[in-house]
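Enquirer: Sequence first, predicted coordinates after that:
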There are 2 protein chains.
Amino acid sequence: MERDWETQFRAIPDPTRLRESLRRLSARPHNVGTAYDRDNAEWILAQFKSYGLSAQIESFDVLYPTPLERSVEMVAPAHFRLALHEPAVAGDPTSAQQSEQLPTYNVYSIDGDVTAPIVYVNYGVPADYAILARHGVSVKGAIVIARYGGSWRGIKPKVAAEHGAVGCLIYSDPRDDGYAEGAVFPKGAMRPAEGVQRGSVMEMEIHPGDPLTPGVGATKDAKRLDLKDVTVLTKIPVLPISYGDAQPLLAAMDGPVVPREWRGALPITYRMGPGPAKVHLHLKSNWGSKTLYDVIARIPGATAPDEWVIRGNHHDAWVNGADDPLAGQVALLEEARALGALVAKGWHPRRTIIYCAWDGEEPGLLGSTEWVETHEDELRKHAVAYFNTDGNGRGFLNLGGSHVLEAFLNGVARDIDDPETHESVWKRLQALQLAGATSASQRADVRTRANLHIDALGSGSDYSPFLQHAGIASTNIGYGGEDQTGVYHSIYDDFYWYTHFSDTNFVYGRALAQTVGTAVMRLADAQLIPYDFTGLSETINQYVGQLDTLAKHEADSIAELNREVRDGVFAATSDPRRPTLAPDTIPLAPHLDFAPLQNGAEALSRAATAYSQAVTAAEANDGAALASPAVASVNPTLVQSERALTSPQGLPGRPWYQHLIYAPGLYTGYGVKTVPGVREAIEQHQWTDADAQIVRVGEVLQAEAALVNRAAQELKAAASR
Amino acid sequence: MERDWETQFRAIPDPTRLRESLRRLSARPHNVGTAYDRDNAEWILAQFKSYGLSAQIESFDVLYPTPLERSVEMVAPAHFRLALHEPAVAGDPTSAQQSEQLPTYNVYSIDGDVTAPIVYVNYGVPADYAILARHGVSVKGAIVIARYGGSWRGIKPKVAAEHGAVGCLIYSDPRDDGYAEGAVFPKGAMRPAEGVQRGSVMEMEIHPGDPLTPGVGATKDAKRLDLKDVTVLTKIPVLPISYGDAQPLLAAMDGPVVPREWRGALPITYRMGPGPAKVHLHLKSNWGSKTLYDVIARIPGATAPDEWVIRGNHHDAWVNGADDPLAGQVALLEEARALGALVAKGWHPRRTIIYCAWDGEEPGLLGSTEWVETHEDELRKHAVAYFNTDGNGRGFLNLGGSHVLEAFLNGVARDIDDPETHESVWKRLQALQLAGATSASQRADVRTRANLHIDALGSGSDYSPFLQHAGIASTNIGYGGEDQTGVYHSIYDDFYWYTHFSDTNFVYGRALAQTVGTAVMRLADAQLIPYDFTGLSETINQYVGQLDTLAKHEADSIAELNREVRDGVFAATSDPRRPTLAPDTIPLAPHLDFAPLQNGAEALSRAATAYSQAVTAAEANDGAALASPAVASVNPTLVQSERALTSPQGLPGRPWYQHLIYAPGLYTGYGVKTVPGVREAIEQHQWTDADAQIVRVGEVLQAEAALVNRAAQELKAAASR
């Protein structure tokens, strides 16, 4: 029955409509605060209503600086003024909407006016500064020039400031998304010489959302911080530039030649500096507020209206944003339209379904975070899962999420056809994982495990407040991997580009709507919430093993480093013409007591087995017991299972992040750190903290195990009724 | 006493003289057949004589084609004629000797006139063609364009011809030795846009030396092959070009974008082709003969004149050749001068010392090979060791050679001071190996093994005929690793370049003379030839382990590949817009019988232990027994120990290579393949051959073990006399 409705659902999403919605929504620049941003929100609202959903706009007022003055000049050894401008391209109509385009900048950079020699810092992550130090190059008082990639962009100015830099330029090297990867726009999909990646540099690894209202919704009457008390702005001014602008700066540098891995594709000798190139960077923003327009639509649940399945994608963009985010947004609209059509035909989902089109994702997950913070109490009671998407392309299914949903998502993926190969998207993903596996044991795992592993979630899109703040089982889903893009966050990410170089016939847009819509329906209608704790416990056991290995590796590396320093290995291998400095010795690492973590993980394994046995027992007799309304009595316990992995104290130094298993890294930004309290303490050699965090996570795992055991008991009882 | 002479010796080599000899020898272009090549030989002869050595020139007549006509044009999509010319550089006087410079070409390329689309093949090794095939790109009927690096250059046209190409261009990518690595000449040491790497493309992996006289000396009356019967010329025309010339060709290509590892540093999108760029390549040479002038000097042995210690470096160059080969040649001259001075003071080496300045190394190890082939019978009787050098730079000691000399060379290295750090060069090499080690077990090995491992020798310099044809224990020694060079085989490898960018004060030239001269003296004077069979047997056991692992790895890879093909993994991961083809399945690998090899290696281990115990016993009582003239009776047995590792039938398909442990690779060229008969059969999936070669090598190892056991018995007997 449910399967019949799903089959009907998957026939509805229509590539022609996806295309036309994309054309409508991307027709003009629509970043936060623009007229077209609001216009899009109202159009989306009207769409939802036309599908028969009850819908409304929820507004928030947030800090949103926009540039007043931006200039970068090279003042030595020659004078050169950077263009900081993306030109219109013939044949691409929206690239010419110059008066409405947001200038190239990094939002939430502080204002500044600095003149200093430049230092090239590669990707600008901590490991890069260790190499600079080996060459005796300091960024103290310098402006760093970093290339995009290797970390989330906000990490670059943060680490630069920690090392004493006074300014930061971030450029897109053609090796990473320019001509080295393929023909540049408009001939091809890659970044042209003048293309610039805009983007947020808010310290989102501390908290995302409105900088003035951490932890609470930015409603009209919310208590707001003074600007001077905000913690998530950069410490130094930052500006993104194109490789056309970067090349003369990099070519004018001297100092040590950089290691091979630091080299881009510009036809120059990449050098560390400092200088002699000297740069004057001037930045001034309008520090005003703007209004966000989140569009929220509902299909009320017929049986369990207080259990919510939530689905979202943002609608704001940096400029026209055809790929990011609209390719995902238009799929979401097709899902909503299809669900509306099913409701009209008599389909009544068991649970309440909420469809959300977020505003303000680009500057810092603003719309989703403020909404989650505003509705936090209800969400903690009612939310079963959050399904996120954000942009879409051609290729393979990309599955990230809470591991309680791993088996569920695998099940959905098995039911979706790939529009290119006409095999299931699951089969194709398995083939991709096989092709990418690097060991026989990895291959055996891909071939024989019941489910393909899904990725843990870090940050970078609107699932973050749901998962990491409110403890709601979340997923992030998209297709991609077959087309490359060099227009990310530029004026060239538009309808022309998308319909020439990405999912040009929108068959992957349809596949996305089919995938996520099927997941929403199946989760909304399941009698027993289909969480699987075996996948979760296997994954956590894997993390515990990794942490043990990591701690040993760090301890061994420290011992070896100290020994080599003492033995004079660094001195003996230093070239007097290009001297390198020995690193400092490091205090030896103690042995850590992993027992609390291991005991917690083992308790969870046992509980998962018990729950899985209870499910198997209930599945006997053609699932008669599972079909019985009685099993629904287990759901209120299950709903709390992801919340049980959180702690109100949150992570060390960043209480907003309450999930103890998944978080964005303090020094990776978007990149996930699993068991972050423990992992980052080990990485940063904070051994006392590591021991304390092991105890905390151990407690949380014991609590989760207790909850899962309780659910198993309840299920046994319900099934025997 | 010996140590006193050595100390006196090491005080003699003089940086000022090294500099002046370098200036003299590099003053004009002196490739084979030029007036200055002969002039240099006569000057070297006069130097040897002036040091008090008896010396003479030995001449050979060899096939040596020089270009008459060379042209490359792009004929589509636009017309462009390549310069094929290295311009003079202001400030560098010898770069202006244009009338005497050899044009840029690859010697022993056949003549040809071909017009065809081009295909970019990366380094042009077999693995690259596998990737082209995955993308459906064939080189049949095409001209390939390969970059220098990744293999010896002669492999590139060979593999291209095997795949059906009709021509081959080889260019120097700026990523590998141009601006990506540092400032270009004359501002820095790296290759300028017009710089070209000349070089031989003879199929030296079949045999080096004169193509007309394989296996015999190219003396006046030698029997010569007809040109049509020569086996070592290329099968297709080949020409080297600069990156200035290559860029317009590569920029005019289409087809699949190449993988990341294939990309160079030119500011273009590297693509595979074929075409649309189409090239007309025209080559015509003068296929005449030239005369070689080997200079041979002797210090007769006082006690054992029939035991020879041989030392060589070539004197011919592609153009002025300051680094390659003269930086090594001038060190050799300083050694000869110092030894002459010691003889004058009363030092009389036990064994005969022979100093050789080879001609014709660049085109194909001609001078050394013809000399070894001419004197093969005497050499097989008398030669104890051959010490080779070839160029020199700043930095770390580079030790390659027969492993019977591993312990001996380590002993010499412990006695030489590094001119930069003033530690021993051994200590510095150990530090380098520690810094480069990638595992704890490697580091433990470097820290605790009695001796540092030395590299096995492939080819690329004059040790090859000594070691691999005549079975003479050989070494190759040089300093380097701190300066990079982008002038290899160009007109810019000259006195100006060397004295600005390499060992500018010639202290490493002095260190080289000290190192090799000490080795020559110590080996010439030792009562008992200081071969060590423990180092040899440890190394051979390592090789046997590697071969076992390699066979298993190949078998597993084949099985996995077949499984993935059958399971449709390649089809499922192919992008319809950029389709890739599945590879063919491969017949499964049988299990190989490694027992003969393992038994041989184990027999050698036991024999090595017995010999080592005999030496230890003889060393008791302050080495009284070792000092006794009686132990010299063991030497005739020892002299044959490297010869015992050879077989008159040689390697499969290349009988000139008689050493069964060391050879240049059939598909690497210079790169060594150890236990080559077995290793290459496994790599090429020729399982029957692999089994047969295992038996052959097992027999040779048993024979070596028997010889070493006999030497142990003889030593015990002699020491007790």
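Expert: Everything's here; your move. Not measured: the values here are computed from a predicted model. Numbering: from 1, shown residues only, chains lettered A, B, ... in the order given.

Enquirer: Going by C-alpha atoms from here, please, whenever you check contacts or count neighbours.
Expert: Noted.

Enquirer: The closest residue to residue A:293 other than its chain neighbours: neighbouring residues, count only.
Expert: Closest residue in space to residue A:293, ignoring its immediate chain neighbours: residue A:59 at 4.9 Å, by C-alpha to C-alpha, 6 or more residues apart in numbering or on different chains. Number of residues near residue A:59 (other C-alpha atoms under 10 Å in any protein chain shown) recorded here: 18.

Enquirer: Three-state assignment for residue A:537, please.
Expert: In the three-state summary, residue A:537 is assigned as helix, counting by DSSP: H, G, I helix; E, B strand; the rest coil.

Enquirer: residues near it, how many?
Expert: Residues near residue A:537, counting by other C-alpha under 10 Å: 25.

Enquirer: any idea how far it lies from residue A:448?
Expert: For residue A:537, the distance to residue A:448 under the criterion C-alpha to C-alpha, to the nearest Å works out to 18 Å.

Enquirer: likewise residue A:69?
Expert: 58 Å.

Enquirer: just residue A:78 next, same as before
Expert: With distances defined as C-alpha to C-alpha, the gap from residue A:78 to residue A:448 amounts to 62 Å.

Enquirer: can you check residue A:572 too?
Expert: Look at residue A:572 and residue A:448: by C-alpha to C-alpha, they are 50 Å apart.

Enquirer: What of residue A:531?
Expert: Noted for residue A:531: a distance of 21 Å to residue A:448, by C-alpha to C-alpha.

Enquirer: Now whichever residue of the stretch 1-150 of chain A sits closest to chain B: closest residue in space that isn't a chain neighbour?
Expert: For the stretch 1-150 of chain A, the residue positioned closest to chain B under C-alpha to the nearest C-alpha is residue A:134, at a distance of 13.6 Å. What sits nearest to residue A:134 in space, not counting adjacent residues and going by C-alpha to C-alpha, 6+ apart, is residue A:581, at 4.8 Å.

Enquirer: wait, the one you found sits on residue A:570?
Expert: Yes: under the criterion of C-alpha atoms under 8 Å, residue A:581 lies in contact with residue A:570, with a separation of 7.1 Å.

Enquirer: For these two, indicate the residue with more neighbours.
Expert: Between residue A:581 and residue A:570, counted using other C-alpha under 10 Å, residue A:570 has the larger neighbour count: 21 against 15.

Enquirer: excluding its backbone neighbours, what's nearest the more buried one?
Expert: If the residues on either side of it in the chain are set aside, residue A:570 comes closest to residue A:582, at 5.2 Å by C-alpha to C-alpha, 6+ apart.

Enquirer: cool, and residue A:637?
Expert: By the measure of C-alpha to C-alpha, 6+ apart, the closest residue to residue A:637 outside its immediate chain neighbours is residue A:711, 6.2 Å from it.

Enquirer: can you pull the buried residues of the host helix or strand of that neighbour?
Expert: With elements delineated by DSSP states H and E, residue A:711 resides in helix A:687-719, which encompasses its position. If you call a residue buried by 16 or more other C-alpha atoms under 10 Å in any protein chain shown, then helix A:687-719 has these buried ones: A:687, A:689-691, A:693-716, A:718-719.

Enquirer: Also stretch A:129-148?
Expert: Residues of stretch A:129-148 classed as buried under the neighbour-count rule (16+ other C-alpha under 10 Å) are A:129, A:131-135, A:137-148.

Enquirer: what's the span of it, first residue to last?
Expert: Using C-alpha to C-alpha, one end of stretch A:129-148 lies 16 Å from the other.

Enquirer: got a list of contacts for that stretch?
Expert: Taking C-alpha atoms under 8 Å, 6 or more residues apart in numbering or on different chains as the criterion, the residues outside stretch A:129-148 that touch it are A:115-124, A:156, A:160, A:163-173, A:176, A:256, A:272-274, A:279, A:579-583.

Enquirer: quick revisit: please report how far the residue nearest to residue A:637 lies from residue A:705.
Expert: Counting by C-alpha to C-alpha - residue A:711 and residue A:705 are separated by 10 Å.

Enquirer: try residue A:195
Expert: Relative to residue A:705, residue A:195 is positioned 51 Å away (criterion: C-alpha to C-alpha).

Enquirer: now swap in residue A:110 and tell me
Expert: For residue A:110 relative to residue A:705 (C-alpha to C-alpha), the value is 45 Å.

Enquirer: for residue A:431, same thing?
Expert: In terms of C-alpha to C-alpha, residue A:431 sits 34 Å off from residue A:705.

Enquirer: give me the residue from the stretch 501-650 of chain A nearest chain B.
Expert: Closest residue of the stretch 501-650 of chain A to chain B, C-alpha to the nearest C-alpha: residue A:569 (4.9 Å).

Enquirer: can you tell me which residues contact whichever residue of the stretch 301-450 of chain A sits closest to chain B?
Expert: Per C-alpha to the nearest C-alpha, the residue of the stretch 301-450 of chain A with the smallest distance to chain B is residue A:431, at 4.9 Å. If you count contacts by C-alpha under 8 Å, 6+ apart, residue A:431 has them with B:568, B:569, B:570, B:572, B:573.

Enquirer: what sits against the first one?
Expert: In other words, residue B:568. Listed by C-alpha under 8 Å, 6+ apart, the contact set of residue B:568 reads residue A:431.
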